[in-house]
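[1] below are the sequence and a predicted model; questions follow.
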Amino acid sequence: MDTNTTSTTRTCERTGDFLYASDLAAMFKVGRSKARLMMDVLPSMRIGSKDCIARADLNNYIKEHGGIKVKWPKRRKH
C-alpha cells in the first residue's frame with residue numbers, strides 16, 4: 001500500500017497536478033484498458049477530451065479505500 005502511494009507522489013511530480021489514464025498505467029504497471037477502468041472508479045474530471053484525476057484526490061482515495069478495486073465488465077457473447 002505504501003509503495004503505491006510513494007510511486008504516485010514521485011510520478012506526479014513530473015506530470016503536474018493532474019494524472020491521465022496513461023500516467024495511471026505507467027504508475028501501477030497496468031495496461032490501457034485497466035487504467036481506463038481505474039479512471040471510471042476514481043473521482044475523475046474531464047479536461048478537454050481527456051479524463052484526469054487530481055494527484056491529491058488519488059492519494060486520498062487510496063488512503064480511504066485501501067487501493068483501487070477494478071472489476072472487468074462481463075464479456076458479451078456474439
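    Nice, thanks for sending it over.

[2] phi first, then psi, for the residue nearest in space to the middle of the chain.
    With distances taken as Cα atoms, centre = their mean, the residue of the chain nearest its centroid is Leu24 (4.4 Å). For Leu24, the backbone dihedrals are phi -60, psi -40 (criterion: degrees, to the nearest 10).

[3] dump the residue contacts of it.
    Applying Cβ atoms under 8 Å, 6 or more residues apart in numbering, we find Leu24 in contact with 30, 35, 38-39, 53. (C-beta placed from N, C-alpha, C; glycine too.)

[4] and Met45, backbone torsions?
    Residue torsions, per degrees, to the nearest 10, at Met45 are phi -130, psi 170.

[5] so the closest residue to it other than its chain neighbours, which state does it fall into?
    With sequence-adjacent residues excluded and distances taken as Cβ to Cβ, 6 or more residues apart in numbering, Met45 is closest to Cys52, at 6.3 Å. Cys52 falls in the strand class when you classify it by DSSP: H, G, I helix; E, B strand; the rest coil.

[6] Cys52 - how many residues pack around it?
    22 (other Cβ atoms under 10 Å).

[7] could you find the closest non-adjacent residue to Val70?
    The nearest residue in space to Val70 (Cβ to Cβ, 6+ apart) is Leu37, at 4.6 Å.

[8] got the contact list for the host helix or strand of the one you found?
    Secondary structure assigned from DSSP states H and E places Leu37 in helix 32-41. With Cβ under 8 Å, 6+ apart as the test, helix 32-41 has contacts from 21-22, 24-25, 28, 30, 51, 53, 68-72.
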